[in-house]
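structure for the following, please:
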Amino acid sequence: MQKTTSKTHFTIDTTENLTVQDNKIPANYRLQGIDYKIMVEPKDRQYICSSSPHIMQKIIQCEEGHLSCYQCTEITTQSSANEPIKGICYACNKPSQSSESNPTTFFEDKYIERMINSIEIACPVKATFNIEKSDQDCSWSGNLKSLKSHLITRCKLFPKNEIIDQKLSDIENKIEKLALDIEKNKNEVVKYSEHNKLKEQVATLSTKLESLEQLCCSILDNVESLNKQISNHTSNITQTSIIPSNGEMVWKIDNFSQRMADAKNNISISCLSSYFYSKEFGYKLGIKIYLNGDGTGKNTHLSVFLFIESGEYDDILKWPFNKKITFILINQQRERDHIDSFFPDITSNSFQQPKSKRRNIATGCPEFIAHNKLMANGYIINNAIFLKVILN
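Have a look, this model is predicted:
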């Protein structure tokens, strides 16, 4: 008569011959289900699992004292490692009479597990996998605790896929251990994470600081450029006060070569004189000069224009302005001065009373003196020219 268990891949008959079903290696084979016949000492057969005929691993004991493997026992309840193990003991009850509603209490037996690990065994591979013919054999013997190392590193008969499974199992165990270590050092991990976040914030602030520094440099460059422009414009006004006058005004324009270069480069194309009055309580006037010319005199002549500025006494003066205007470029070598004059066009808005305290459009001589004549006849001495204006 034959007895078959539902928990393993092994079959046992009355002659106690142990084989592997269909001569196939169990897919879930690790170190469980090791043939009990590899025990060297007959006395060690007391450590055969009561549920199926193999050497027990991870031993549990029922209330009646029957020993079996945890994986070979039908466990019905164990929600945590600290709670009792509930299941069905096949040594106490036949499978047909067992019931999940009346489970047996088990507990782990570490003492028996240590005893089993110390028993002497032979290499189980040939017997377990039913290898009858082989050019190689394994003569190894030792205690059960060292079997795993033997199978993985030394045994030539152990199937390669089983070695891979063993190594994968080792890796899984290491991963579990690593997970536990990480959990134990959770506070350190959190601190490290916070430190990284702080480093990221510092890096972000450093980037923003660099951007601000670049912006500040750009602003400073703009300020410097504006200061230069202001300086240029300021230098174009030789005096800031109003010059008392009886209808005549002489204007010295210094730094002539630089002003001419600025005009040709369109940096500062014109120069403004200080204001002057045609007489006491008279018209408020100013001169505008284009060293590189304006209008028809652009790039070939020096242009001179007169403009009327809104003054304090405009409401008591006669309008339109109708005095003769004479421009004189003084020859500093006492030779002949260059003179040009004209009468106002009294219909032009340039000679009407200024409105809303603004200056009128300048008018005058766009081709006052040609550049070639200006440069060659003693008008420029010590890098300066003198322009005289007469109103009569």
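
make it CA atoms for all contacts and neighbour counts henceforth
Will do.

shaky segments in this structure?
1-33, 35, 50-52, 76-82, 93-101, 126-136, 158-168, 179, 181-193, 227-244 (pLDDT under 70).

center of it, which residue is that?
Among the residues of the chain, Thr204 comes closest to the average C-alpha position under CA atoms, centre = their mean, at 7.7 Å.

can you tell me the helix or strand for that one?
helix 186-235 (DSSP states H and E).

do Ile339 as well
strand 338-342.

again with Gln353
Assigned by DSSP H and E, Gln353 belongs to no helix or strand.

show me what contacts Ser257?
Contacts for Ser257 (CA atoms under 8 Å, 6 or more residues apart in numbering) come out as Asn383.

next helix or strand past the helix or strand hosting it?
Per DSSP H and E: Ser257 is located in helix 256-264. Proceeding C-terminally, helix 256-264 gives way to strand 271-272 as the next helix or strand, assigned by DSSP H and E.

from the chain's centroid, how far away is that next one?
Strand 271-272 sits 53 Å away from the centroid of its parent chain (CA atoms, centre = their mean, to the nearest Å).

and what of stretch 288-306?
Centre-to-centre, stretch 288-306 and its host chain are 57 Å apart (CA atoms, centre = their mean).

also stretch 59-78?
Relative to its chain's centre, stretch 59-78 lies at 58 Å (CA atoms, centre = their mean).

and what of stretch 41-52?
Stretch 41-52 sits 66 Å away from the centroid of its parent chain (CA atoms, centre = their mean).

export that stretch as PDB, just CAs?
The C-alpha coordinates for stretch 41-52 follow below in PDB (Å, rounded to 0.1, in the frame of the first residue of the first chain):
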ATOM      1  CA  GLU A  41      24.200   7.700  11.900                       C
ATOM      2  CA  PRO A  42      21.000   5.700  12.100                       C
ATOM      3  CA  LYS A  43      20.200   7.300  15.500                       C
ATOM      4  CA  ASP A  44      19.800  10.600  13.800                       C
ATOM      5  CA  ARG A  45      16.600   9.400  12.000                       C
ATOM      6  CA  GLN A  46      14.600  10.800  14.900                       C
ATOM      7  CA  TYR A  47      15.000  14.100  13.100                       C
ATOM      8  CA  ILE A  48      12.900  13.100  10.100                       C
ATOM      9  CA  CYS A  49       9.900  15.400   9.500                       C
ATOM     10  CA  SER A  50       6.600  13.900  10.700                       C
ATOM     11  CA  SER A  51       4.800  15.400   7.700                       C
ATOM     12  CA  SER A  52       7.000  14.100   4.900                       C
END
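
contacts for that stretch?
Here stretch 41-52 makes contact (CA under 8 Å, 6+ apart) with 5, 7-8, 10, 36, 39, 54-56, 66-69, 72-73, 89-91, 116, 119-120.

give me the buried subset of these.
8, 10, 36, 39, 54-56, 66-69, 72-73, 89-91, 116, 119-120 (16 or more other CA atoms under 10 Å).

just these: which are in helices?
Counting by DSSP state H, these place Ile116 in helices.

in strands only, show me the buried ones among the contacts of stretch 41-52.
10, 54-55, 67-69, 120 (DSSP state E).

so what are the sheet partners of the strand or helix carrying Leu387 and their directions?
In this structure, Leu387 sits in strand 385-391 according to DSSP H and E. Strand 385-391 has its sheet partners listed here by DSSP bridges as strand 248-253 (antiparallel), strand 325-329 (antiparallel).

okay, these in a markdown table with distance to Lys318 next?
Below are the strands paired with strand 385-391 laid out as a markdown table (distance: least, CA to CA, whole Å):
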| stretch | distance to Lys318 |
| --- | --- |
| strand 248-253 | 19 |
| strand 325-329 | 17 |
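
Arg259 is nearest to which of those?
Between Arg259 and those, the shortest separation by CA to CA is 9.1 Å, and it involves strand 248-253.

show me the contact partners of the closest one.
The contact list for strand 248-253, computed with CA under 8 Å, 6+ apart, reads 238, 273, 276, 278, 384-391.

thanks a lot, see you next time.
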